[in-house]
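**Q** fold the following.
(2 chains)
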There are 2 protein chains.
Amino acid sequence: MTTSNAPFSIAEYERRLACVRAAMAAAGLDALFVTDPSNQAWLTGYDGWSFYVHQGVIVTMEDEPVWWGRHMDMMGGRRTCWMQHDNILGYGDHFVQSTVVHPMQDLARHLEGRGLQRARIGVEMENYYYSAKAHAVLGAELPDAGLVDATALVNWQRLVKSSDEIAFIRKAARISEHVIRTAIDRAAPGVRKNDLVADILHAGITGVGDDWGDYPAIVPLTPSGLDATAAHLTWNGTPMREGEATFFELSGCYRRYHAPLCRTVFLGTPPDDVRRVEAAQIEGIAAGLEAARAGNRTCDIANAFMAVMARCGIERSGRMGYPVGLSYPPDWGERTASIRSEDETVLEPGMTFHFMPALWMDTWGLETTETILIRDDGPAEPLCNVERKLFVKS
Amino acid sequence: MTTSNAPFSIAEYERRLACVRAAMAAAGLDALFVTDPSNQAWLTGYDGWSFYVHQGVIVTMEDEPVWWGRHMDMMGGRRTCWMQHDNILGYGDHFVQSTVVHPMQDLARHLEGRGLQRARIGVEMENYYYSAKAHAVLGAELPDAGLVDATALVNWQRLVKSSDEIAFIRKAARISEHVIRTAIDRAAPGVRKNDLVADILHAGITGVGDDWGDYPAIVPLTPSGLDATAAHLTWNGTPMREGEATFFELSGCYRRYHAPLCRTVFLGTPPDDVRRVEAAQIEGIAAGLEAARAGNRTCDIANAFMAVMARCGIERSGRMGYPVGLSYPPDWGERTASIRSEDETVLEPGMTFHFMPALWMDTWGLETTETILIRDDGPAEPLCNVERKLFVKS
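**A** The predicted structure follows:
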């Protein structure tokens, strides 16, 4: 074992690997090729902005995992992974964005070299960074192997967090509080939105005390007024205006772990309908937290929230949350369970979700959300401590 | 035509569409499904952080393009695209990250509704966000259609920039200068790297004058010392140290347009070998710029640089640049031509490249780069104006 800059102990990585191997055995897999950068980091510690080229982790039923990527990123692998340097592999630069050769040809040779040419190999069919072309090339290069869809096999192992991971998410939550408070403090009529975002990013990367801030997997979403009827607009240079609501969808990030938190700021005096919806949303969130107990299901959280909305005459269906933890762009969700009425995942202690029952209305939007931890007993613990209300500044 | 918040004129979007249709005709395509967020924005103006779910643009040989995405993102489409609202389509939230249904089923119904069930439809096989699963589902849903690999068909049309685009890239270049100067000014022994990155991000989003900063498609890469032997590490909370080189790989961004710029800072007195490599790199870049002329090829730039390296006894091969312009994460390159010895793309006026002949050595790294514009005559124009040298602070 080499000295490692990876953020967790070798024992923690071995625990994770054991979970993944049990799932592989259950799925009848001999090997797994992991493309999702979050899964790669969770298994190996690998951390770099290199996922714009093909790379991944090979997991077999024994031995250390193998990180495979572009040759120039091997140095990053050696600097960040916990494995021996022999298990960091690189392909030549001529494979990068070539129309003639494809990195999956190199990967296929490595898999053959490990005797996997006839193996059942899991691949993440539904994942950013495992392109349709990559799958076609890998299949053609390994005609006798069985490439099996193992989408989210690793992600599901990430659902229940270890105590080490929860400690990281709590650090992220402190940073989230700092970031949201910065947004609320600085929001004022006449302030250019980009100047506010500059302060938000500065707070998030500064972090809190010794806990330095990493980049969140999603940039600040900060739309005002009509733009806030849309869920995923970012920002522009327009000054904030009296009479408008702005929602802030933000997260602190500590060593790739997230604790998203949204609050909405109204400049001026909110109209009655905004106040009415605010009250319903707050009540609905409280009902959701009560339902977010070990042994209940994800749908119970959504249904508890929606029951309050129905009573208040507010239409809201769809997805209202997802698990969070370690993530890379473009998403800080883990893409397994969803908090929605058709999802019956049973809640267990140690799960962490972004409970995100935002309300996008016809002419404005209201986002008030919490990152929550499922506990052994009782309702979920909101991990951030910022007053749960519409912030009004006049 | 509806009023539009899109950043360019309708005439500019029509010019782009005409280029794409000519390429589609040459490829024998009836329709094109565009997944790349940069291509979507280039064709329609769509701008939102929603590419973590399936979305795209349908282009046929006539009519306006159609933006298709998650139902909740239709509002974002209406707020940012230039097309009529009838041409913004949405799928239900139950399709999102479901293991039961897939958004491509919804897309297939729309394609059928447009009479394309037997059409030759181009798809971007090698692109982030067009997953292996998406391709499999779309193919199964449209068994009589021909799904044809049209990777980079749109990207190639983006290679030569319009004067409107060059104006945006020049604005981005002003922001890049501000960002790099901030990094150079603030770098000092004892400064935590994340605090420096907080200032870098603040400068980039503040922008320059009225030109507000957008988020670059890559986060700051700012490794020091041994970490700088790796190409793609980001940052941590370690204080900067005397005797170490830190490279800054950064870009300003103006309404999604980039002008990447890298400089390296040495704290203390650089050893002779660093000085020797610095001199070679500067000379090599000058030689590359001389070769970067309309009518020459991309390989001529790389070969000119490598000839200087060879004379100086420095080993450097591989890719040393790529076209830049409009981009979304995870890459600010356009993924078409490369500046490398095996690429023979002929240079034309209006092309913009990040000429990026970084040198990653055994124990340190040196990045000095330029975003360049190919002119009608003469050598390429570096778009940023920051002294081209190793910055030494003692």
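
**Q** find the centremost residue of chain A, please.
**A** Geometric centre of chain A, nearest residue: residue A:332, 2.1 Å, by C-alpha atoms, centre = their mean.

**Q** who are the contact partners of the nearest residue to residue A:346 once chain neighbours are set aside?
**A** Counting by C-beta to C-beta, 6 or more residues apart in numbering or on different chains, the nearest residue to residue A:346 once its immediate chain neighbours are dropped is residue A:297, at 5.6 Å. Just so you know, the C-beta spots here come from the backbone N, C-alpha and C atoms, and that holds for glycine as well. Taking C-beta atoms under 8 Å, 6 or more residues apart in numbering or on different chains as the contact definition, residue A:297 lies against A:343-347.

**Q** quick one, phi psi at residue A:297?
**A** Note on residue A:297: backbone dihedrals following degrees, to the nearest 10 are phi -120, psi 160.

**Q** just residue A:371 next, same as before
**A** Its backbone dihedrals place residue A:371 at phi -90, psi 130, with angles given as degrees, to the nearest 10.

**Q** the nearest residue to it once chain neighbours are set aside: what secondary structure?
**A** Nearest residue to residue A:371, sequence neighbours excluded (C-beta to C-beta, 6+ apart): residue A:259, at 4.3 Å. With DSSP: H, G, I helix; E, B strand; the rest coil as the basis, residue A:259 sits in strand.

**Q** burial measure for residue A:259, as a count.
**A** Residue A:259: 31 surrounding residues under other C-beta atoms under 10 Å in any protein chain shown.

**Q** check the one 5 residues further on too.
**A** A count of nearby residues for residue A:264, using other C-beta under 10 Å, gives 27.

**Q** isn't it up against residue A:391?
**A** Yes - under the contact definition of C-beta atoms under 8 Å, residue A:264 touches residue A:391, with a separation of 6.9 Å.

**Q** common neighbours of those two, please.
**A** By the contact definition C-beta under 8 Å, 6+ apart, residue A:264 and residue A:391 are jointly contacted by no residue.

**Q** where does chain A dip in pLDDT?
**A** Across chain A, residues meeting the criterion (pLDDT under 70) sit at A:1-3.

**Q** and the longest helix for it?
**A** The residue-count maximum for a helix in chain A (DSSP state H) belongs to helix A:163-186.

**Q** now the element after that one, going C-ward?
**A** As assigned by DSSP states H and E, the chain's next helix or strand after helix A:163-186 is helix A:193-206.

**Q** other SSEs contacting that next one?
**A** Taking 3 or more C-beta pairs under 8 Å, 6 or more residues apart in numbering or on different chains; DSSP states H and E as contact, the helices and strands that helix A:193-206 lies on are helix A:163-186, strand A:245-254, helix B:193-206.

**Q** just the CA trace of the last one, in PDB.
**A** It stands for helix B:193-206. Presented in PDB, the C-alpha positions along helix B:193-206 are these (Å, rounded to 0.1, in the frame of the first residue of the first chain):
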ATOM      1  CA  LYS B 193      -5.100  27.800  -2.300                       C
ATOM      2  CA  ASN B 194      -8.900  27.800  -1.800                       C
ATOM      3  CA  ASP B 195      -8.800  31.400  -0.700                       C
ATOM      4  CA  LEU B 196      -7.000  32.300  -3.900                       C
ATOM      5  CA  VAL B 197      -9.600  30.400  -5.900                       C
ATOM      6  CA  ALA B 198     -12.400  32.200  -4.100                       C
ATOM      7  CA  ASP B 199     -10.800  35.500  -5.300                       C
ATOM      8  CA  ILE B 200     -10.400  34.000  -8.800                       C
ATOM      9  CA  LEU B 201     -14.000  33.000  -9.100                       C
ATOM     10  CA  HIS B 202     -15.100  36.300  -7.700                       C
ATOM     11  CA  ALA B 203     -13.200  38.200 -10.300                       C
ATOM     12  CA  GLY B 204     -14.500  36.000 -13.100                       C
ATOM     13  CA  ILE B 205     -18.200  36.400 -12.200                       C
ATOM     14  CA  THR B 206     -17.900  40.100 -11.500                       C
END
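
**Q** and it, how far out from the chain middle?
**A** With C-alpha atoms, centre = their mean, to the nearest Å as the basis, the distance from the averaged C-alpha position of helix B:193-206 to the chain average is 20 Å.

**Q** nearest residue to residue A:71 other than its sequence neighbours?
**A** Distances taken as C-beta to C-beta, 6+ apart put residue A:90 closest to residue A:71, at 3.5 Å, once the chain neighbours are dropped.

**Q** hang on, the earlier thing: is it true that the residue nearest to residue A:371 touches residue A:166?
**A** No - checked against C-beta under 8 Å, the pair residue A:259 and residue A:166 is beyond contact range at 10.4 Å.

**Q** need the residues touching each of those two.
**A** Contact criterion C-beta under 8 Å, 6+ apart; residues bridging residue A:259 and residue A:166 by contacting each: residue A:352.

**Q** tell me where the stretch 51-200 of chain A has strands.
**A** Using DSSP state E, counting those that start in this stretch, the strands assigned to the stretch 51-200 of chain A run over residues A:56-60, A:66-70, A:88-91, A:120-123, A:146-149.

**Q** can you check the distance spanned by stretch A:386-394, start to finish?
**A** The first and last residues of stretch A:386-394 sit 20 Å apart, counting by C-alpha to C-alpha, to the nearest Å.

**Q** outside of it, which residues touch it?
**A** The list of residues contacting stretch A:386-394 from outside it, by C-beta under 8 Å, 6+ apart, reads A:177, A:180-181, A:184, A:187-188, A:245, A:261, A:263-270, A:274-275, A:278, A:282, A:285, A:366, A:368, A:370, A:382.

**Q** buried ones among the residues you listed?
**A** Judged by neighbour count, with 16 or more other C-beta atoms under 10 Å in any protein chain shown as the criterion, the buried members of those are A:177, A:180, A:184, A:187, A:245, A:261, A:263-267, A:270, A:274, A:278, A:285, A:366, A:368, A:370, A:382.
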